[in-house]
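Engineer: coordinates only, no sequence provided:
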């Protein structure tokens, strides 16, 4: 069973409505004073998830007393809480057990394993974390439709010229009951989705489609000739994370 999530608020904390435009791998906010305890917020999103699911199921005429155990897959990138590091303005200040909720774009925190209190890392650029080899930074970015968004991005390649970010997402897919004995049924499930974003020389990360022409467009005009030669020689699969990392690492070496 999932631990009961207390609505615990550790003092007043007002989020800044803006996100710094200059992107680096240790984002922060200049000025102001933050208590370390402000990094811990309440986490209503998982409870709200049940309400979201009920709305979806109600629309489908199904019973509403459904739990996450009735849905294939998971909302988490890794269901297990793992010891990680919490940072304030790039400086580590606390070790905590963490896991990333990729459905709600939330980092869940536990003081000790099996704790009955699950908190969430406050969504503010001053706070970041590292767990399971991934770093999570709360940044402004531009989505596929060109709209400004805010959320957690994970850098996989960093450099003065190009920073490649990945965003892991969990998408809820409604089930499909079999209409006849010859049809296949599909359960309600969470599906994995991966998006890539690129920041050039510290600019706001932009959504990148994993097509060669779109990947090429992320590089500066002066680097594109060398990138074309690299693609012709190495034949990278731009849908493969490792190949993309190698490509942008090469771009930073030019």
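Structural biologist: Done, it's in. Not measured: the values here are computed from a predicted model.

Engineer: residues contacting residue 160?
Structural biologist: Going by CB atoms under 8 Å, 6 or more residues apart in numbering, residue 160 touches 201, 252. Using the backbone N, CA and C atoms, a C-beta is placed for each residue, glycine as well.

Engineer: hang on, isn't residue 104 packed against residue 123?
Structural biologist: No. The pair residue 104 / residue 123 is not scored as a contact, 10.7 Å apart, by CB atoms under 8 Å.

Engineer: could I get the full set of strands for the stretch 101-250 of the chain?
Structural biologist: Counting by DSSP state E, counting those that start in this stretch, residue ranges of the strands within the stretch 101-250 of the chain are 106-110, 119-121, 127-131, 134-142, 148-157, 162-173, 189-200, 206-208.

Engineer: indicate which one of the ones you listed is closest to residue 216.
Structural biologist: strand 206-208 (10.3 Å; CB to CB).

Engineer: where among the strands of the stretch 101-250 of the chain is average confidence lowest?
Structural biologist: Of all the strands of the stretch 101-250 of the chain, strand 119-121 carries the lowest average pLDDT, namely a mean of 86.

Engineer: and it, what does it pack onto?
Structural biologist: strand 40-41, strand 106-110 (3 or more CB pairs under 8 Å, 6 or more residues apart in numbering; DSSP states H and E).

Engineer: given that strand, what are its sheet partners and their directions?
Structural biologist: Strand pairing for strand 119-121, using DSSP bridges, gives strand 40-41 (antiparallel), strand 106-110 (antiparallel).

Engineer: picking up where we left off before, dump the helices and strands packed on strand 119-121 to JSON lines, plus mean neighbour count and distance to residue 243.
Structural biologist: Converted to JSON lines, the helices and strands packed on strand 119-121 look like this (neighbours: other CB atoms under 10 Å; distance: least, CB to CB, whole Å):
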{"stretch": "strand 40-41", "mean neighbour count": "22", "distance to residue 243": "37"}
{"stretch": "strand 106-110", "mean neighbour count": "23", "distance to residue 243": "28"}
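
Engineer: residue 195: which of those strands is closest?
Structural biologist: strand 106-110 (16.8 Å).

Engineer: strand 127-131 and the closest one, what's the angle between them?
Structural biologist: Calculated by axes from the mean of the first three to the mean of the last three CA atoms, to 10 degrees, strand 106-110 forms an angle of 70 degrees with strand 127-131.

Engineer: got the angle between strand 106-110 and strand 148-157?
Structural biologist: With the same axes, to 10 degrees as the basis, strand 106-110 and strand 148-157 are set at 70 degrees to each other.

Engineer: how far does strand 106-110 sit from its chain's centre?
Structural biologist: The chain centroid and the centroid of strand 106-110 are separated by 12 Å, computed with CA atoms, centre = their mean, to the nearest Å.

Engineer: returning to that earlier point: can I get the helices and strands packed on strand 119-121 in a markdown table with distance to residue 172?
Structural biologist: Formatted as a markdown table, the helices and strands packed on strand 119-121 follow (distance: least, CB to CB, whole Å):
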| stretch | distance to residue 172 |
| --- | --- |
| strand 40-41 | 24 |
| strand 106-110 | 15 |
